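Visitor: Return a 3D structure for these sequence lines:
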Amino acid sequence: MITHCPSCHTHFRVHAEQLAARAGQVRCGKCSRVFDALEHLIEETAPARAPRPKPLFEATRADAAEAEPAPASATSEAPEPGAETPEAAISAPILAEPVTADADAASGASSFYFGPGAAVEPDKPARRWPWVLGAFLLLLTLLAQAAYHYRSAITLLFPDTKPYAVALCATLGCELPLPRRIEQMSIDASDLQADTTNPGVMVLSATLKNRAIFNQQHPLLELTLTDAQDQPVVRRVLAPQDYLGKAVNTQAGFAANTEIAIKVFIEGSQVKATGYRLYLFYP
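Guide: Alright, predicted model coming up:
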């Protein structure tokens, strides 16, 4: 039997035993397409053969039998020039029968692979949309986390988003803190002296400056009193309410490009300090 591949149209010769073993399923040896060989069978016809030519010596013998017998004599007349004698006809070469190409080669027959994978159905394409959907949800989650973490910076870069961020934080119960860029904060001047009216009290005077172009959260101040060897004796952290006073509203933040002069009274009658260090930071 001959079948053909519906994909590459290559013809193959198959046997009934092979098809029965695989329920007709075969794999094309050229393009690896799996198909049902029974559905693509081709009617096999024997190639027409040319009629075999009659041997030349038989034809000559038949013509001689039909001719009149020559008169018997000891000698025969010499044949005319160019006439063909029976001996010459017998010794002429016999025409060979043309070789007919094999039916398999004429039909382009090839071989099939009947291995274990012949009856296996083609792999179905994998579903990609669940992976795409999962990646999209993960990306949205990552963007939401980044927006929550950098919510202050986003409102700083895009001021129009601040009302929406405030409303969202009110719903979620979060806060929208002011920016805290400590590198944009500085202490322009500071001084620590004993109070002229009360020698047991020290007065810390300083000027803080916000050099940023946006409002910032007020920083904390750390005051360290040192002895003659510059070793710490007392350390104290001052919150914004400590150096600004409780009457000042710190929620508005430290205004952009502004300075604040502070004065803090510190009880130091029990401290034998000769120097101090002052710096600001964010917790």
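Visitor: Okay, helices next: where are they in the stretch 151-283 of the chain?
Guide: Along the stretch 151-283 of the chain, the stretches classed as helices by DSSP state H, counting those that start in this stretch are 151-157, 162-172, 240-244.
Visitor: rank the ones you listed by pLDDT, which is bottom?
Guide: Lowest mean pLDDT of the helices of the stretch 151-283 of the chain: helix 151-157, a mean of 80.
Visitor: Packing partners of that one?
Guide: Packed against helix 151-157 by the contact rule (3 or more Cβ pairs under 8 Å, 6 or more residues apart in numbering; DSSP states H and E) you find helix 162-172. Placement of C-beta: from N, CA and C, glycine included.
Visitor: okay, the longest helix seen in the chain in CSV with CA atoms only?
Guide: Across the chain, the longest stretch assigned as helix under DSSP state H is helix 129-149. C-alpha atoms of helix 129-149 as CSV (Å, rounded to 0.1, in the frame of the first residue of the first chain):
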residue,chain,number,x,y,z
TRP,A,129,-2.2,33.5,29.3
PRO,A,130,-2.0,32.3,33.0
TRP,A,131,1.7,33.1,33.1
VAL,A,132,1.1,36.5,31.5
LEU,A,133,-1.7,37.3,33.9
GLY,A,134,0.4,36.2,36.9
ALA,A,135,3.3,38.4,35.8
PHE,A,136,1.0,41.3,35.3
LEU,A,137,-0.5,40.9,38.8
LEU,A,138,3.0,40.7,40.3
LEU,A,139,4.0,43.8,38.5
LEU,A,140,1.0,45.7,39.8
THR,A,141,1.8,44.5,43.3
LEU,A,142,5.4,45.7,43.0
LEU,A,143,4.3,49.1,41.7
ALA,A,144,1.8,49.5,44.6
GLN,A,145,4.5,48.7,47.1
ALA,A,146,6.9,51.2,45.5
ALA,A,147,4.2,53.9,45.4
TYR,A,148,3.4,53.3,49.1
HIS,A,149,7.1,53.4,50.2
